[in-house]
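S.K.: no sequence on this one, just coordinates:
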């Protein structure tokens, strides 16, 4: 049975700081999500190098991401539906969010053709021609069955000419109406409800972002996202735009900042009223030997760690932080052992989840901004 947006909306702000940071609870069909939250990216039904059991038990992930573009190509929707949706397919019984495929299509700039109807592009796997539109993106995300799914949008690059950004934003708004219309006439496939989040666009132009935020708020969906940031613009521009948009988006609905970012980006964004964030950075950087810790950033491949038998992070929360030394993990990287990437990925994800949990505690305690200022200096330093 189709569930209306008002019935699906289940976000409660538990505590608001003296400024914009807040702690909330988002109820989904697969459990609650305590915000602010960081969401590990599981692009192809897998968070790279990490078992689902580790995600739950060692990392403390409450919600993960899947990707419409990649899943439509492989394994394909015939397999996905036969499996009963992404939750069953990957044996994950907690919430899942999917993006619409728009960002991946944006990244295929040399092999795509944009039109009002949708986007034609070539598969990066075999070069075959594919098509995504607001309707097909919604259809695929119904078949995937994520608890939260995204409206189909166009993500502009940085830098971007004003006229291009405006034209793109207006098409994103027209596409949103088509997404909403499709969802109302095509209810959920699986026996759980889904929530669609529309996406604010407008590049780094204040007036466009205000127009887009107002249009997205008017769509009255269960939550809202901010896209088109963390695509190469300076950090201060990202914070500037986020601040403008969160002033407009409704306070009673969750706000998701897409594709952000470093630990310091995350804390600054939470301070600007963001509830949900995701980024490939903790796992991608981990596979290259970069570890984020409460004391700063470590390049574990450096010679200085060769005989350092101290733990990865004395303040860490994962088992890998206390069971393995810096010297051992460095050795694994130098020896090109796969275990190196697994240990580093578990560590970084556990750190990111600990970061947002601790931020939440300080929001509830009422001293978030003081705490944020005290830890940012350490988080950014290179060890």
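M.R.: Now that the structure is in, tell me what you want to look at. Quick caveat, the model's predicted, so the values are computed rather than measured.

S.K.: how close does residue 111 sit to residue 140?
M.R.: From residue 111 across to residue 140, the span is 19 Å (Cβ to Cβ, to the nearest Å). In short, each C-beta sits where N, CA and C put it, glycine included.

S.K.: With neighbour numbers in mind, choose between these two.
M.R.: When residue 111 and residue 140 are compared for neighbours, residue 140 comes out ahead with 22 against 13, by other Cβ atoms under 10 Å.

S.K.: same question for the helix or strand hosting the more buried one, mean pLDDT?
M.R.: Assigned by DSSP states H and E, residue 140 belongs to helix 134-144. Averaged across helix 134-144, pLDDT comes to 98.

S.K.: so after that helix, what's the next helix or strand?
M.R.: With DSSP H and E, the next secondary element past helix 134-144 is strand 148-150.

S.K.: which outside residues touch that following strand?
M.R.: With contacts defined as Cβ atoms under 8 Å, 6 or more residues apart in numbering, strand 148-150 is touched by 28, 63, 68, 95-100, 102, 138, 141, 194-199, 223, 225.

S.K.: could you redo the last one with a cut-off of 7 Å?
M.R.: Strand 148-150 has contacts (Cβ atoms under 7 Å, 6 or more residues apart in numbering) with 28, 97-100, 141, 194-197, 199, 223, 225.

S.K.: go on, stretch 127-142?
M.R.: Around stretch 127-142, the neighbours that count as contacts under Cβ under 7 Å, 6+ apart are 68, 72, 77, 98, 100-101, 105, 117-123, 149, 152, 175, 178-179, 182-183, 186, 188-189.

S.K.: Please repeat the previous calculation with a cut-off of 8 Å.
M.R.: 68-69, 71-73, 77, 98, 100-102, 105, 117-123, 149-152, 175-176, 178-179, 182-183, 186, 188-189, 194, 196.

S.K.: Stretch 368-383 too?
M.R.: 17-19, 21, 263-264, 267-268, 270-271, 292-299, 358-359, 362.

S.K.: List the contacts of residue 145.
M.R.: With contact taken as Cβ under 8 Å, 6+ apart, residue 145 is in contact with 84, 85, 86, 87, 96, 188, 189, 190, 192, 194.

S.K.: cutoff 10 Å now
M.R.: 29-30, 66, 80-81, 83-89, 96, 98, 188-192, 194 (Cβ atoms under 10 Å, 6 or more residues apart in numbering).

S.K.: Now do the strands in the stretch 51-200 of the chain.
M.R.: Ranges of strands in the stretch 51-200 of the chain, per DSSP state E, counting those that start in this stretch, are 64-67, 96-99, 112-114, 119-122, 129-132, 148-150, 195-197, 199-200.

S.K.: the helices in the stretch 101-250 of the chain, which residues?
M.R.: In the stretch 101-250 of the chain, the helices defined using DSSP state H, counting those that start in this stretch lie at 102-107, 134-144, 162-185, 206-218, 235-246.

S.K.: Please produce a markdown table containing those, extended by distance to residue 372.
M.R.: Formatted as a markdown table, the helices of the stretch 101-250 of the chain follow (distance: least, Cβ to Cβ, whole Å):
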| stretch | distance to residue 372 |
| --- | --- |
| helix 102-107 | 28 |
| helix 134-144 | 34 |
| helix 162-185 | 31 |
| helix 206-218 | 24 |
| helix 235-246 | 13 |
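
S.K.: Least confident of these, on average?
M.R.: helix 102-107 (a mean of 73).

S.K.: who touches it?
M.R.: Residues outside helix 102-107 that contact it (Cβ under 10 Å, 6+ apart): 43, 67-70, 72-73, 111-112, 114, 118-121, 124, 130, 132, 134, 137, 150-157, 168, 172, 175, 199, 201, 227-228, 231, 258-259.

S.K.: by contact count, what packs against the helix or strand harbouring residue 321?
M.R.: Per DSSP H and E: residue 321 is located in helix 319-323. Packing contacts for helix 319-323, counted by 3 or more Cβ pairs under 10 Å, 6 or more residues apart in numbering; DSSP states H and E, involve helix 338-365.

S.K.: per-residue confidence averaged over the helix it packs on?
M.R.: pLDDT averaged over helix 338-365 gives 98.

S.K.: Enumerate the positions of whichever helix or strand comes after that helix that are buried.
M.R.: Note on helix 338-365: by DSSP H and E, the next helix or strand toward the C-terminus is helix 368-380. Within helix 368-380, the residues that count as buried by 16 or more other Cβ atoms under 10 Å are 368, 369, 371, 372, 375, 379.
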